[in-house]
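>>> Could you work out the structure for the sequence below:
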Amino acid sequence: MSKPRLIKKYPNRRLYDTGESRYITLHDIAGLLMQESDVLVLEQPSGRDITHSVLLQTVIELEASALARLSIHFLTSLIRSYATANAGGTALHLERALETYLATAARPATHVSGPVRGDAPQHAATS
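Okay, here's the model as predicted:
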């Protein structure tokens with residue numbers, strides 16, 4: 001696994017990509033993640049890790065765009081899950097479900113030949 005891209009967030013709320021030596025946006029962070037790069041976001045000057053909150057902000061920005069995919073029902077259920085005692089179980093289950101979905105979605109579609117409903121071919125009775 002490669003080292004995560006270090007992003008620094010300054011008090012003026014600007015994000016600085018130390019690998020590219022340039023300021024970036026939340027949209028740029030989404031692009032890095034979609035290209036399979038990991039990021040680590042540190043607050044300047046404290047050095048505090050704020051990756052979690054910046055990733056949540058990135059999801060909010062994506063959900064406000066045409067790329068939105070989280071339904072009101074899903075978001076409501078997610079918020080309600082915070083009332084359960086097994087918070088770690090919720091996260092683990094959601095992570096596994098998403099990983100399974102992404103692995104399945106990444107597979108090329110295969111052409112299935114033969115009966116669609118699994119019907120067995122009809123054979124004539126022999127006498």
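
>>> C-alpha only now, for contacts and for neighbours.
OK.

>>> Backbone dihedrals for the closest residue in space to Glu43 that isn't next to it in sequence, please?
Leaving aside its sequence neighbours, Glu43 sits nearest to Lys9 (Cα to Cα, 6 or more residues apart in numbering; 4.8 Å). Note on Lys9: its backbone torsions stand at phi -110, psi 120 [degrees, to the nearest 10].

>>> measure Lys9 to Asp28 for me?
To Asp28, Lys9 is 14 Å away according to Cα to Cα, to the nearest Å.

>>> Likewise for Ala68?
17 Å.

>>> One more: Asp17?
From Asp17 over to Asp28 the distance is 10 Å, taken as Cα to Cα.

>>> Ok, Ile60 next?
Distance of Ile60 to Asp28, given as Cα to Cα: 14 Å.

>>> those strands in the chain, which residues are they?
5-9, 15-17, 22-24, 39-43 (DSSP state E).

>>> Measure how buried Tyr10 is and give me the count.
Neighbours of Tyr10 under the rule other Cα atoms under 10 Å: 14.

>>> repeat for Leu56
Residues lying near Leu56 (other Cα under 10 Å) number 11.

>>> For His93, give me the pLDDT.
His93 carries a pLDDT value of 88.

>>> what does His111 give?
For His111, the model assigns a pLDDT of 54.

>>> Then the one 5 residues further on?
Here the pLDDT value assigned to Val116 is 49.

>>> And for Ile29?
You'll see Ile29 listed with a pLDDT of 97.

>>> quick one: it from Leu62, how far?
Note on Ile29: its distance to Leu62, by Cα to Cα, is 11 Å.

>>> With neighbour numbers in mind, choose between the two.
Higher neighbour count among Ile29 and Leu62: Ile29, with 21 against 17, using other Cα under 10 Å.
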